[in-house]
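J.: Sequence plus the predicted model coming up.
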Amino acid sequence: MSDKKPKRKQGNLDSFFSKKSITEFKSVMNPLKKYLETCSSNAMYTSPLIQNEIINIFGELIQSEIIKKISKSNYFSVLAVETTDIAQIEQFSICIRYFEEELVVLREDFLTFVPVHDVTGLGLATVLLNTLKELGLDLDKLRGQGYDGAATMSGNFRGVQAIVKMSYPKALYTHCVSHSLNLCLSDAAKTQAILNALDRVNQVKIQLQILRDNATDEFYKIYEEVNRLGGLINVEENKPYSNLKTAVTFYQNDLKGYDDIIEVEYQLWQSKWNSVDSRPLTAIEALHQCDKLMYPNMYELLKILSILPVSTATAERSFSTLRRLKNYLRNTTSESLLVGLALLSIHRDVNISDDMALDNFSNSGKARRIKLTI
């Protein structure tokens, strides 16, 4: 074993105070140092109250930037999960899943933590809807809900999803598939019969693969024979559009054409993919290849399909941030400070300039000792 001390990894603080960083920020730090040494003691702006106010301002600016992006999208879904923090306060994590059309990307963004006291389905639904309204979101654009499998969230009669759907019928509920998979695997691991059947399943998979090698040719043979027999007894083939018609009827107000126009558009969309070998595997891949002017209704349906929730992983991940920010030593953190710190931690990619924060700070309506803006 070597007697030498292990090389210590440079942390964030050491990085900040390294020679390179000091040189880069010298032009900023020297005037700041001079100001703090010469200013009045009641105009230093370094008190805990001022620090908390600045954190809240940055959090509000990040939140407003996200809200602007969501508002530009025609549709969005809500993801919400509830947990208990270190102070035994029930925290409701609210995230939004939406399609950012400018970049053609699907996003899931954390918005806020909300403390809840009534954990019934009605209480949680009321908090959820009121919070979304307070944030400035148009709930008529709500097209999906994603929660875990708790009865208060997923109940068909008194659950949050049922209560929200009463006011907004197009907000379809999706049970988090990650939770469903976890439950299935947990139950399967306890069942000896399933464990014993794994070998048999592998054998069946091999046999199925052999059958699938010639599946396409066999399918077309059967398909042609069924069509021939159907013609003898005057049975018409079920057109593919009939499978889409239910969705077209349900989202009728979201689409830009009449039923017969949408049917023709759907046929053109199908013919587009009949002439190529590789097809998109996801709604987002299809959106990347969908001409908005050529297929306006298909584009809208694909957007709705893409924003429907799949899992609540984004909301669950926010709990990791919650536990880092509000721990045993900081268990009295105020709710506004908690949300501000969480937004700063989670949305590091959102660029908020110092000038924007300074404008909000100086125009907050509070008296300031010095004039911060011209």
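T.: Sure thing, it's come through. Numbers count the residues shown, from 1 in each chain.

J.: use CA for all of it now, contacts and neighbours both
T.: Will do.

J.: so which strand or helix has Gly123?
T.: Here Gly123 sits within helix 121-134, counting by DSSP states H and E.

J.: if I look at the residue at the greatest distance from the centre of the chain, how far off is Ile222?
T.: Farthest-out residue of the chain from its mean C-alpha position, per C-alpha atoms, centre = their mean: Leu232, at 52.2 Å. To Ile222, Leu232 is 16 Å away according to C-alpha to C-alpha, to the nearest Å.

J.: send the alpha carbons of stretch 152-163 over as PDB?
T.: The C-alpha trace of stretch 152-163 is given here as PDB (Å, rounded to 0.1, in the frame of the first residue of the first chain):
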ATOM      1  CA  THR A 152     -56.700   8.700  -4.500                       C
ATOM      2  CA  MET A 153     -55.000   9.400  -7.800                       C
ATOM      3  CA  SER A 154     -56.300   6.700 -10.200                       C
ATOM      4  CA  GLY A 155     -59.800   5.900  -8.700                       C
ATOM      5  CA  ASN A 156     -62.500   5.700 -11.300                       C
ATOM      6  CA  PHE A 157     -65.100   7.500  -9.200                       C
ATOM      7  CA  ARG A 158     -63.400   9.700  -6.600                       C
ATOM      8  CA  GLY A 159     -59.800   9.700  -7.800                       C
ATOM      9  CA  VAL A 160     -58.000  12.800  -9.000                       C
ATOM     10  CA  GLN A 161     -58.100  11.600 -12.600                       C
ATOM     11  CA  ALA A 162     -61.900  11.100 -12.500                       C
ATOM     12  CA  ILE A 163     -62.600  14.500 -10.900                       C
END
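
J.: partner residues bridging the residue positioned nearest the centre of the chain?
T.: In the chain, the residue lying closest to the centroid (C-alpha atoms, centre = their mean) is Glu108, at 2.1 Å. Per DSSP bridges, the residues bridged to Glu108 are Arg97.

J.: quick one, what contacts it?
T.: 95-98, 314 (C-alpha atoms under 8 Å, 6 or more residues apart in numbering).

J.: remind me which residues of the stretch 251-374 of the chain are low pLDDT?
T.: Counting by pLDDT under 70, the stretch 251-374 of the chain contains low-confidence ranges at 371-374.

J.: how about the helices in it?
T.: Secondary structure of the stretch 251-374 of the chain (DSSP state H, counting those that start in this stretch): helices at 259-274, 283-288, 296-307, 313-325, 335-346, 354-362.

J.: Mean neighbour count for those helices - can I get that in a markdown table?
T.: Listed next are the helices of the stretch 251-374 of the chain as a markdown table, based on neighbours: other C-alpha atoms under 10 Å:
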| stretch | mean neighbour count |
| --- | --- |
| helix 259-274 | 14 |
| helix 283-288 | 17 |
| helix 296-307 | 20 |
| helix 313-325 | 18 |
| helix 335-346 | 20 |
| helix 354-362 | 14 |
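
J.: Adding distance to Gln209 as columns, could you present the ones you listed in TSV?
T.: As requested, those are exported to TSV (distance: least, C-alpha to C-alpha, whole Å):
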stretch	distance to Gln209
helix 259-274	25
helix 283-288	27
helix 296-307	31
helix 313-325	33
helix 335-346	44
helix 354-362	60
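
J.: Wasn't Tyr173 part of a strand?
T.: Yes - per DSSP: H, G, I helix; E, B strand; the rest coil, Tyr173 lies within a strand segment.

J.: That one against Val160, yeah?
T.: No - using C-alpha atoms under 8 Å, Tyr173 is not in contact with Val160, being 9.7 Å away.
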